[in-house]
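**Q** prediction below, plus the sequence it came from.
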Amino acid sequence: MAQPKISVVWNGVDPEKDNPANCKAEDIERLRESYEITSDEKMIFFLGRLTWIKGVRNLVQAMPLVLEEFQKVELVILGKGEQQSDIQEAVYGLGIKDKVI
């Protein structure tokens, strides 16, 4: 039987494959250094397309609540997409531009 020409890749992650505990410490440190995030700060990292289905705007809107409980937190957003300017506006509107990279 022939291979299908289309493969569907659903949103989400494989918890076994994408487990942060499997990351090398030196890779994490190098990432932190590149964004000037100190070892005493928590880092929330988003990597993906900036579109409504990914929920990045919800993540940004939740940051003030996160910061109420954890003052030393940085949110790193890595990606491009149609919501990029909306996300930037939300960051400025919420007054958290010093906590989002």
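**A** Ah, there it is.
**Q** tell me what the helix or strand where Leu31 lies is packed against?
**A** Element membership for Leu31, per DSSP states H and E: helix 25-34. Applying 3 or more C-beta pairs under 8 Å, 6 or more residues apart in numbering; DSSP states H and E, one finds that helix 25-34 contacts strand 42-47. Where you see a C-beta, it was placed from the backbone N, CA and C, and this is true even at glycine.
**Q** taking helix 25-34 as reference, get the angle to the strand it packs on.
**A** 90 degrees (axes from the mean of the first three to the mean of the last three C-alpha atoms, to 10 degrees).
**Q** state the distance from the residue nearest the centre of the chain to Asn58.
**A** For the chain, Phe46 is the residue whose C-alpha lies nearest the centre (C-alpha atoms, centre = their mean; 1.3 Å). Separation of Phe46 from Asn58 (C-beta to C-beta, to the nearest Å) stands at 11 Å.
**Q** please apply the same query to Leu50.
**A** 12 Å.
**Q** ok, the two, which is more surrounded?
**A** Just comparing Leu50 and Asn58: by other C-beta atoms under 10 Å the higher neighbour count belongs to Leu50, 20 against 10.
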